[in-house]
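>>> with the sequence up front, the predicted model follows.
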Amino acid sequence: MNFNCCDLCDANEDKMQSGELAILPPVFSCYGKNIQFAGPAKTVKVFEDNPLVRKILETPGGGQVLVIDAGGSTRCALVGGNLGDLAQKNGWAGIVIDGCIRDSIEVNQCNIGVRALGTHPRRSARTGEGQQDGVVTIAGVMVRPGDWIYADADGLASIQ
């Protein structure tokens, strides 16, 4: 897939005005081997709890991007090396987390793209709470299931 987020913005100013194209704030750090990735969004909302994230990543990704609304929490990590490996093995294009990862050295060895607010060594709770396949808010930007997510070195975009 060949794209450039800057070119997407330039070519779709009308969609930016209408809100169909949204640019996520530049608060995310890049992890994983793939700096550039894109795919339809699969959404999940959890807070400091990751079993639902694991359950989703255990399924075939088919080039999707898992978009995790973690409420912006930086008190623990939701994805680490094991889940990065799982995402790679199951064909996910990438993961966008409004929260943290851990095992960043391991995640950086995975052939996927990951964007997160940062790293944290503490693992999450394991109660299994959360919701999937609903509208989520990532760093103040609404993302719907099926919206296309584009990520490259210049930023993150969501297109309805």
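Cool, got the structure.
>>> now do the helices in this structure.
Per DSSP state H, the chain carries helices over the ranges 5-11, 13-18, 51-57, 81-89, 104-107.
>>> the residue minimising distance to the centre of the chain: what's it in contact with?
Central residue check for the chain by CA atoms, centre = their mean: the C-alpha nearest the mean position is that of Val96, 1.2 Å away. Residues touching Val96, when contacts are defined by CB atoms under 8 Å, 6 or more residues apart in numbering, comprise 24, 28, 65-68, 114-116, 138, 149, 151, 156. C-betas here are computed from N, CA, C, even on glycine.
>>> could you redo the last one with a cut-off of 10 Å?
When contacts are counted by CB atoms under 10 Å, 6 or more residues apart in numbering, Val96 touches 24, 28, 37, 41, 43, 65-69, 113-116, 136, 138-139, 143, 149, 151, 156, 158.
>>> over to Pro40?
Counting by CB under 10 Å, 6+ apart, Pro40 has contacts Gly62, Gly63, Gln64, Val65, Val67, Ala93, Pro145, Gly146, Asp147, Trp148, Ile149.
>>> what's the answer for Gln160, then?
Counting by CB under 10 Å, 6+ apart, Gln160 touches Lys15, Ser18, Gly19, Glu20, Leu21, Ala22, Met142, Val143, Arg144, Gly146, Asp147, Trp148.
>>> separation between it and His120?
Between Gln160 and His120 the computed distance is 32 Å (CB to CB, to the nearest Å).
>>> can you check Gly72 too?
For Gly72, the distance to His120 - CB to CB - is 13 Å.
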